[in-house]
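J.: After the sequence you'll find the predicted model.
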Amino acid sequence: MSYVACFHTFGKLQDTPWEKHEQMINVNVMTFLKCFYHYMGIFAKQDRGAVINVSSLTAISSSPYNAQYGAGKSYIKKLTEAVAAGCESTNVDVEVITLGTTITPSLLSNLPGGPAGEAVMKTAMTPEACVEEAFDNLGKSLSVIAGEHNKANVHNWQANKTDDEYIRYMGSFYSNN
């Protein structure tokens, strides 16, 4: 089982219609939890199975003007880590992989031109590389940050920035909102 979906909108929390918030919670939290709960019940009963859930660096960094997305991915990350720890003495492997920029059709269609787009592509990972890293760590790690670049960035953020500094930095990308 793997859960990747996450629905989001950009903008200030109070400027997003309430109905959109309900849709995001339904997809990002409720549907995720239903799937995870369902398969964990099956796998626990048979004492065999594997789950890889997918989170995002926004689960670690916060994502101003995209708060629901970051909160949803944080929920997926933290719940999966906790369940994974509870499964360590079983034959059910549970892992969450936290992705950074990944080369997807959505990224490619929204990629800025020029040096900014080139910089994004230098650090972006292919879906295949993300999947390979997830499977390489399944049964070995509860939580994985995909890619050496992403691991180094997270280490740097946590070692050299306060939470407030990092939240403001992430918000600076959307300062036009």
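T.: Yes, it's here. Residues are numbered from 1 along each chain as shown.

J.: Name the single longest helix found in the protein.
T.: Taking DSSP state H as the criterion, the chain has its longest helix at helix 67-86.

J.: Just want the angle from the following helix or strand past that helix to helix 67-86.
T.: Using DSSP states H and E, the helix or strand that follows helix 67-86 towards the C-terminus is strand 92-99. With axes from the mean of the first three to the mean of the last three C-alpha atoms, to 10 degrees applied, the angle from strand 92-99 to helix 67-86 works out at 150 degrees.

J.: pLDDT averaged over the longest helix of the chain - what is it?
T.: Helix 67-86 shows a mean pLDDT of 94.

J.: Ok, stretch 169-177 next?
T.: 69.

J.: Number the chain from 2, please
T.: Got it, the first residue is 2 from now on, which makes the last one we talked about stretch 170-178.

J.: got the buried residues for the longest helix of the chain?
T.: Neighbour counts over helix 68-87 (16 or more other C-beta atoms under 10 Å) mark 68-78, 80-82, 84-85 as buried. Yep, even glycine has a C-beta here, placed from its N, CA and C like the rest.

J.: out of the residues you listed, which one sits closest to Thr10?
T.: For those, the closest approach to Thr10 (C-beta to C-beta) belongs to Gln69, at 7.2 Å.

J.: and the nearest residue to the closest one once chain neighbours are set aside, helix, strand or coil?
T.: Spatial nearest neighbour of Gln69, chain neighbours left out: Met25 (4.4 Å); criterion: C-beta to C-beta, 6 or more residues apart in numbering. Three-state call for Met25 (DSSP: H, G, I helix; E, B strand; the rest coil): helix.

J.: Just give the number of residues close to Met25.
T.: 20 (other C-beta atoms under 10 Å).

J.: So Val145 belongs to a helix, correct?
T.: No - assignment of Val145 by three-state DSSP gives strand, placing it outside any helix.
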